[in-house]
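**Q** What shape does this take:
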Amino acid sequence: MEEVSIHSQMSHRNVVELIGYCIGESTLMIVTKYISKGNLDDILHNSDISIPLDVRLGIAIGCADALSYMHSMHLSNGSLICHGDIKPANILLDSNLTSKLSDFGVSRLLSGGVTQYTVHIKGSVSYMDPIYFHEGCLTPRSDVYSFGMVLLELIARKRVRKGDINLIGGGEIFDAEIANRSNMKILKEMRKLAIECLTLDIHKRPQMNVVAKRLRTLKKELKDMHGRYSEHILASHRSWRKNDNQGPSYNSRMQLKKSLSIFKRNLSNSSKILLGLGNMRIFTQEELNEITQNYSCLLSGGTSGKVYKGTLEDNTVVAVRIFSEALEGFEEAFINGGMILSQIVHKNIIRLLGYCLNADCPAFVYEYAARGTLSDILDGREDFPLHLRVKIAVETAEALEYLHSSAAGMIRHGYVAPSKTLVDDSFTPKLTGFSWAQRLNNDDSAIHDHDKYCVSLKLKTDVYQFGVLVLTLISRKNFAFYADHEHLVSQFLAAYKADNSGRAFFDDDITTRSEDVALLEEIGKLLLKCICLEIDQRPTMKQVAQHLRIIRRCWKNNCTADGASLVTN
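**A** Here you go, the predicted structure:
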């Protein structure tokens, strides 16, 4: 069951999706999403499929992203996930050769995210960190070592043996298919990165987020040198589907994909064209230049892109997000985010006003949220009274309640966090970050009871993430590991265990009145359910939102703690 517990808490485009499980008398059966191309081991060593260098880089980046995600997770017991068995056979590939990490049978929860010692060594010895094998010392850097072995196999297309000096150090490591002069610089950098991952000094191994960033840089360099991506990648954005009743036709997602391809071929565009996104305006590059005054006011920036402040012709202030090609799968992120945001309307979900299809950097134009992200507010020094924190908690819960409803199509956000929660002038929260959101069903009446149960489990990953977000609200502590490696969730659980109330965890600025402490204690009881490790024991977002509204109403009416406790118990 530990494998299910670990797998069920992950939602990432490069982790194979868990559908459900069955417990037999002596066996545990796990059902995951079907991945059509099989595993990387078979493709590398048991097939003659051509794999260009940019595709191999994409596979490596996807795997690195998944591990970076696992190594930075915020689980209910204050742990992160160490996969423990990274090898080509556990990396699945879909029809687009996008990597999907699988098989969490030997994965471990590392308390506090540091190190675990064990005498029960599990995993594939050929790819195993020798420090783990000989000393039983398991850390996130153990996965880094195994990833280095996989990276060597990707550029060699042959099985790697530990200590094979000729293979690791010599030029004959490179697969002849990709070992041409134009690729050589990139290949040598990939080999160098792999060797860094394989160093026996565990503290000198790079972290997986650093590995992913360096691989992205190499992929961008490769693209710049060759001038374009491989044809199969471009072809994936020209796909269309048959409609049995009306003949060939584009659905709205395919229309947008086609439009991206058109712009890549430098055809003209027009701000008056609508491409299946309701009444979304399409901006030209020239219009964005004018709106942002040549991108003079940067609001935020990162590997996924940059956000600039702008002003429309009618003096409406907007935020312009420019996607970065350094973001793996940025085109799919752009399409997915646009499709979902164009079809939902809620006062606590950021409003998409339009978009720009540009050859190099597609962009979204959003409504402007003057106070920035919730992370900015939490990290700032301005007064942040309790009633505003409760307002943000309640209204964010209501946004998720709406997303999870059949009316919205049962959308799993997948990345609920302070950094993805914008706040406007009136402290109204606006949920953003829909690039990897997932619509689980379009017709609630069309799914069976078992399917409804599986959908419910998937939606409850948002419930956990919401619980962690509210922990940041009531503690005003960073959404990250602390210097002593203690995690936000583990601190809350320890505080609650100490006095059965969690009072020591609450921000001192909001605990001056007894009725405020009573409110925080009731919220804490609800959060314990949200961050429960047993995913099916978590409440739905509808229940969470309802409880929060009642707790707030009792607080406003100056109810006693005993009266309010009837709500959550």
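**Q** Can you list the low-confidence ranges for the stretch 451-569 of the chain?
**A** Applying pLDDT under 70 to the stretch 451-569 of the chain flags residues 451-454, 478-487, 559-569.
**Q** Might you report the residue contacts of residue 374?
**A** 392, 418, 419, 421, 422, 423, 429, 469, 472, 473 (Cβ atoms under 8 Å, 6 or more residues apart in numbering). All C-beta atoms are positioned from the backbone trio N, CA, C, and that covers glycine.
**Q** Recalculate using a threshold of 6 Å.
**A** By Cβ atoms under 6 Å, 6 or more residues apart in numbering, the contact set of residue 374 is 418, 421, 423.
**Q** what about it, distance to residue 395?
**A** 12 Å (Cβ to Cβ, to the nearest Å).
**Q** now do residue 100
**A** The value you get for residue 100 to residue 395, if Cβ to Cβ is used, is 35 Å.
**Q** Those two: who's more crowded?
**A** The neighbour comparison of residue 100 against residue 395 (other Cβ atoms under 10 Å) goes to residue 100, with 24 against 21.
**Q** what helix or strand does the more buried one sit in?
**A** strand 99-101 (DSSP states H and E).
**Q** Identify all contacting residues around that strand.
**A** With Cβ under 6 Å, 6+ apart, strand 99-101 has contacts from 14, 15, 16, 35, 59, 62, 63, 66, 91, 92.
**Q** Can I get those in TSV including neighbour count and secondary structure?
**A** Converted to TSV, these look like this (neighbours: other Cβ atoms under 10 Å; DSSP: H, G, I helix; E, B strand; the rest coil):
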residue	neighbour count	secondary structure
14	23	coil
15	24	strand
16	23	coil
35	18	coil
59	25	helix
62	26	helix
63	29	helix
66	25	helix
91	28	strand
92	23	strand
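**Q** ok, of these, which one's closest to residue 160?
**A** Minimum distance to residue 160 across the contacts of strand 99-101 is 14.5 Å, recorded for residue 91 (Cβ to Cβ).
**Q** Settle this for me: the closest one is touching residue 38, isn't it.
**A** No - using Cβ atoms under 6 Å, residue 91 is not in contact with residue 38, being 10.2 Å away.
**Q** gap between the longest helix along the chain and the chain center?
**A** Longest helix in the chain, counting residues (DSSP state H): helix 449-475. The chain centre lies 14 Å from the centre of helix 449-475; the measure is Cα atoms, centre = their mean, to the nearest Å.
**Q** quick one: buried residues of it?
**A** 454-475 (16 or more other Cβ atoms under 10 Å).
**Q** can you pull out the strands in the stretch 101-250 of the chain?
**A** Per DSSP state E, counting those that start in this stretch, the stretch 101-250 of the chain carries strands over the ranges 108-111, 116-117, 137-138, 241-243, 247-249.
**Q** returning to that earlier point: looking at the contacts of strand 99-101, which one is closest to residue 127?
**A** Looking across these and measuring by Cβ to Cβ, the closest to residue 127 is residue 91, at 11.1 Å.
**Q** what's the spacing between the residue lying closest to that closest one once chain neighbours are set aside and residue 505?
**A** Distance criterion Cβ to Cβ, 6 or more residues apart in numbering; nearest residue to residue 91, sequence neighbours excluded, is residue 40 at 4.2 Å. Distance from residue 40 to residue 505, counting by Cβ to Cβ: 43 Å.
**Q** Kindly report the same for residue 29.
**A** 39 Å.
**Q** and what of residue 145?
**A** From residue 145 to residue 505 the distance is 36 Å (Cβ to Cβ).
**Q** try residue 53
**A** With Cβ to Cβ as the criterion, residue 53 and residue 505 are 50 Å apart.
**Q** Who has more neighbours out of the two?
**A** residue 53 (25 against 20).
**Q** How about that one, nearest residue that isn't a chain neighbour?
**A** Per Cβ to Cβ, 6+ apart, closest to residue 53 is residue 178, 4.4 Å.
**Q** My read is that the one you found contacts residue 54, right?
**A** No - counting by Cβ under 6 Å, residue 178 stays clear of residue 54, with 9.5 Å between them.
**Q** Pull the number of nearby residues for residue 208.
**A** Based on other Cβ under 10 Å, the number of other residues close to residue 208 is 24.
**Q** go on, residue 313?
**A** Using other Cβ under 10 Å: residue 313 sits among 8 other residues.
**Q** can I assume it sits in a helix?
**A** No - going by DSSP: H, G, I helix; E, B strand; the rest coil, the assignment for residue 313 is coil, not a helix.
**Q** Let me see the contact set for it.
**A** So residue 313 contacts nothing (Cβ under 6 Å, 6+ apart).
**Q** Quick check: the gap between it and residue 287.
**A** 9 Å.
**Q** Give the residues shared as contacts by the two.
**A** By Cβ under 6 Å, 6+ apart, no residue touches both residue 313 and residue 287.
**Q** how about low-confidence regions in the stretch 201-350 of the chain?
**A** Judged by pLDDT under 70, the stretches of the stretch 201-350 of the chain that qualify are 226-279, 303, 325-330.
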